[in-house]
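Chemist: The following comprises the amino acid sequence and a computationally predicted model.
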Amino acid sequence: MSTPIIDRIKKEIESLDTTATPEEVGVVVSVGDGVAEIEGLAKAQMMEMVTFDTSAGASLEATMKQGSGLFGLVLNLEEDTVKVVILGESNLIKEGMQVRRTGKLLSIPVSEDIVGRVVSPLGEAIDGKGTLVGKRDMPIERVAYGVMDRSAVNEPIHTGIKAIDSMIPIGRGQRELIIGDRQTGKTTIAIDTIINQKYEPKEKRPICIYVAIGQKRSKTASIMAKLEEAGALEYTTIVATSAAEPSPMLFLAPFAGAAIGEYFMEQGKDVLVVFDDLSKHAVAYRQMSLLLRRPPGREAYPGDIFYLHSRLLERSAKLSKELGGGSITALPIIETQEGDVSAYIPTNVISITDGQIFLEGDLFNKGIRPALNVGISVSRVGSSAQTKAMKKVAGKIRLELAQFRELEAFMQFASDLDPETKARIESGRKYVELLKQKQNNPMPFYKQVVSIYGANTGLFDGATPAFVSKIEDTFLAFVERDRKEILTTIETGRELTDDVVAKLNQAIVDFKEANAELYTA
Amino acid sequence: MKNAYVTAITQSILAGQSVEEVLVRVRARMTAHGHMRLYSQVLKAAARVLGAKEKRAVPQVTLAKVGGVDESVLAAAIARLGAEGKSYEVTVDETLIGGFTARFKDTLLDASYKRSLVDLYRKITK
């Protein structure tokens, strides 16, 4: 055995305090479905952690093998008993077992080392890369920052998705809901946003937290692999819970994500948290509440389901300069059934968030991906955070698409339409093509600006919609190769100056001249 | 259903009513509602709850071995738990290795070697 370990053990033995202090204990009266009823613990607080004494009658060796013990979370304070959800294997709990108070509200240990790791909602590493040592215990539940502690959202967080960054911009500290049916690309948008942060300068790059709530383990593993492959795992933490875990763990997962985010936000850093997804979170909370015998309300959800999500999402904030100026941007995801956004949980979360990105199955099946319905997607605070360069080019795109949607129904009568309507439809189709993007292929904002500026100023004139994507790729490659200064100026200055505009116009002319074959096809 | 009967029985008995009287009333009620199939389960549960309450009212001391801890130390521990001068029940649990645990009502004093060693182990391996 190495000397440092022996020294540490000796030091610990020397400072060992063997004086016992009285502690409050209770006894398990009944246990079932992950919930234990405990008699005693009269002074227990809501959300306090308690430990079950699974070591009674067990040898020292067996007790040591049990690790840090089995924890429970106090959630119901009743007249003679408290009800506790078991955060682990409930089959280890027996009637008559002793339960000790810890005096600590549920919290998770967080340090900088948590970045790049996969953790459970209790902050334990589950990626096999060694244990994590926490610097600070962050409370899972806490009151969100007040009005005076906050500042306005004024800095953008780029998703790398043209349709979002141009028309539904998201600001740092905003809560933007991603909503849609299953298999419409909700998670993809969130993952692309995380991947896109690698294009941000290191000092401005937000720390990303992906919270998987009741997801299939295979899905979480594939997301982890995608992030690793894209080089995004180094600034991302994954809080993972699978569908096979007890409902209390699913209930805690997003709160753990928020707690980790707050650790970094309080250091003045920017954080992006993805809650994937809050529909499953609501279902887990419903299950837990029913087992705790709380009265059910609409769709059997407990009465405080709105409060549950509002207090979670209120924790995303942009702090004032005095408090360091850090932020938490939240991207909660909601899965709808058959596009029904007026169901209970979707309407709740829509009303809590600062905007929503609607994804539609029909658009997805038509090959328009991301399947964004730009007509009903909104961002309530993001426009003030948009870069000047993007703001300048994005105005036209929304108008063009709105006109296109109105005329879309007439597309099948194309031969009977007047030339002006035909031209509008053609232009709209080109914008739709331009906004299509491949999965896990986010585009840095300066390239988006160049692309959209090109579309606004005739880059695609004379080409068929089928060639838009090819022309865009070729044009961006051309600019990157021959006119790199345009991209660098937009990236650093975040503005479209007259000089850049002139250079871009010249680049478009030169490109069209050099690539005439793309326009005659 | 069962829990409601158990609560009724235990609270009535703890309130000072005679056991016979309570049981007669409960039987009559259960018969009237056709719940007599639950009767034996209700009685068992009520006996367990009352037994646990009685046990909690008496200080409990657990030792690793008989005579392993000085009587005066135990008396001081019992006094710290607010049961000064009360007689206590002693049980033996060899897995404690040494020392003792004392419990009265909802308060526990764990002065066992096992607890100290487990705490030390958890501190070192943290």
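Modeler: Perfect, thanks for sending it.
Chemist: Quick check: residues of chain A near chain B?
Modeler: A:8-9, A:12-13, A:16, A:18-27, A:29, A:39-42, A:55, A:57-60, A:63-64, A:68, A:96, A:98, A:100, A:133 (C-beta under 8 Å from any C-beta of the partner chain). From N, CA and C alone the C-beta is placed, and that goes for glycine too.
Chemist: Number of residues surrounding the residue lying closest to A:Ile397 once chain neighbours are set aside?
Modeler: Here the nearest residue to A:Ile397 in space, its sequence neighbours aside, is A:Ser166; by C-beta to C-beta, 6 or more residues apart in numbering or on different chains that works out to 5.5 Å. As a burial measure, the neighbour count of A:Ser166 was computed by other C-beta atoms under 10 Å in any protein chain shown and equals 25.
Chemist: ok but A:Ser166 is inside a strand, no?
Modeler: No. With the criterion set as DSSP: H, G, I helix; E, B strand; the rest coil, the secondary structure at A:Ser166 is helix rather than a strand.
Chemist: Tell me who's in contact with it.
Modeler: In this structure, A:Ser166 makes contact with A:390, A:393-394, A:397-398, A:448, A:452, judged by C-beta atoms under 8 Å, 6 or more residues apart in numbering or on different chains.
Chemist: For those, give me CSV that also has secondary structure, neighbour count and pLDDT.
Modeler: Written out in CSV, the entries for the contacts of A:Ser166 read as follows (DSSP: H, G, I helix; E, B strand; the rest coil; neighbours: other C-beta atoms under 10 Å in any protein chain shown; pLDDT from 0 to 100):
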residue, secondary structure, neighbour count, pLDDT
A:Met390, helix, 27, 94
A:Val393, helix, 20, 92
A:Ala394, helix, 23, 91
A:Ile397, helix, 20, 88
A:Arg398, helix, 15, 83
A:Gln448, helix, 28, 96
A:Ile452, helix, 25, 95
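Chemist: Could you identify the most distant pair in those?
Modeler: Taking C-beta to C-beta as the measure, those reach their widest spread between A:Arg398 and A:Gln448, a distance of 14.4 Å.
Chemist: mind exporting the helix or strand hosting A:Met249 as PDB, just the C-alpha atoms?
Modeler: Using DSSP states H and E, the element containing A:Met249 is helix A:247-265. The C-alpha atoms that make up helix A:247-265 are tabulated as PDB, following Å, rounded to 0.1, in the frame of the first residue of the first chain:
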ATOM      1  CA  SER A 247     -39.900   7.700 -10.300                       C
ATOM      2  CA  PRO A 248     -38.300   9.800  -7.500                       C
ATOM      3  CA  MET A 249     -35.000   9.700  -9.500                       C
ATOM      4  CA  LEU A 250     -36.800  10.900 -12.600                       C
ATOM      5  CA  PHE A 251     -38.500  13.600 -10.500                       C
ATOM      6  CA  LEU A 252     -35.100  14.800  -9.200                       C
ATOM      7  CA  ALA A 253     -33.200  14.700 -12.500                       C
ATOM      8  CA  PRO A 254     -34.100  18.200 -13.900                       C
ATOM      9  CA  PHE A 255     -33.700  19.800 -10.500                       C
ATOM     10  CA  ALA A 256     -30.200  18.200 -10.300                       C
ATOM     11  CA  GLY A 257     -29.500  19.700 -13.700                       C
ATOM     12  CA  ALA A 258     -30.600  23.100 -12.500                       C
ATOM     13  CA  ALA A 259     -28.500  22.800  -9.400                       C
ATOM     14  CA  ILE A 260     -25.400  21.900 -11.400                       C
ATOM     15  CA  GLY A 261     -26.200  24.900 -13.700                       C
ATOM     16  CA  GLU A 262     -26.500  27.200 -10.700                       C
ATOM     17  CA  TYR A 263     -23.000  26.200  -9.500                       C
ATOM     18  CA  PHE A 264     -21.500  27.600 -12.700                       C
ATOM     19  CA  MET A 265     -23.900  30.500 -13.100                       C
END
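Chemist: what's the distance between it and the middle of its chain?
Modeler: 11 Å (C-alpha atoms, centre = their mean, to the nearest Å).
Chemist: And stretch B:58-69, by the same measure?
Modeler: Relative to its parent chain, stretch B:58-69 has a centroid offset of 15 Å by C-alpha atoms, centre = their mean.
Chemist: For it, what does the pLDDT average out to?
Modeler: Averaging pLDDT along stretch B:58-69 yields 88.
Chemist: Would you mark the buried spots in that stretch?
Modeler: Along stretch B:58-69, the positions that meet the burial threshold by neighbour count (16 or more other C-beta atoms under 10 Å in any protein chain shown) are B:59-64, B:69.
Chemist: do the same with stretch B:29-42
Modeler: In stretch B:29-42, counting by 16+ other C-beta under 10 Å, buried: B:30, B:35, B:38, B:42.
Chemist: quick one: the closest residue to the second one other than its chain neighbours from A:Arg8, how far?
Modeler: Spatial nearest neighbour of B:His35, chain neighbours left out: B:Met1 (6.8 Å); criterion: C-beta to C-beta, 6+ apart. For B:Met1, the distance to A:Arg8 (C-beta to C-beta, to the nearest Å) stands at 57 Å.
Chemist: which one of the two has more residues nearby?
Modeler: When neighbours are counted by other C-beta under 10 Å, B:Met1 and A:Arg8 differ, and A:Arg8 comes out ahead with 13 against 10.
Chemist: ok so, going back, ok, so of the contacts of A:Ser166, who is nearest A:Lys219?
Modeler: When those are compared for distance to A:Lys219 (C-beta to C-beta), A:Gln448 comes out closest, at 28.4 Å.
Chemist: Can you get me a residue count around the closest residue in space to the closest one that isn't next to it in sequence?
Modeler: Counting by C-beta to C-beta, 6+ apart, A:Gln448 lies nearest to A:Lys162, which is 5.0 Å off, once chain neighbours are set aside. For A:Lys162, the tally of surrounding residues (other C-beta under 10 Å) stands at 28.
Chemist: again, but for A:Gly326
Modeler: A:Gly326 is surrounded by 24 other residues when neighbours are defined as other C-beta under 10 Å.
Chemist: What residue, apart from its backbone neighbours, is nearest it spatially?
Modeler: Closest to A:Gly326 by C-beta to C-beta, 6+ apart is A:Met265, at 3.8 Å.
Chemist: Reformat the contacts of A:Ser166 as TSV; add distance to A:Ala284.
Modeler: As requested, the contacts of A:Ser166 are arranged in TSV below (distance: C-beta to C-beta, whole Å):
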residue	distance to A:Ala284
A:Met390	38
A:Val393	43
A:Ala394	38
A:Ile397	39
A:Arg398	38
A:Gln448	37
A:Ile452	41
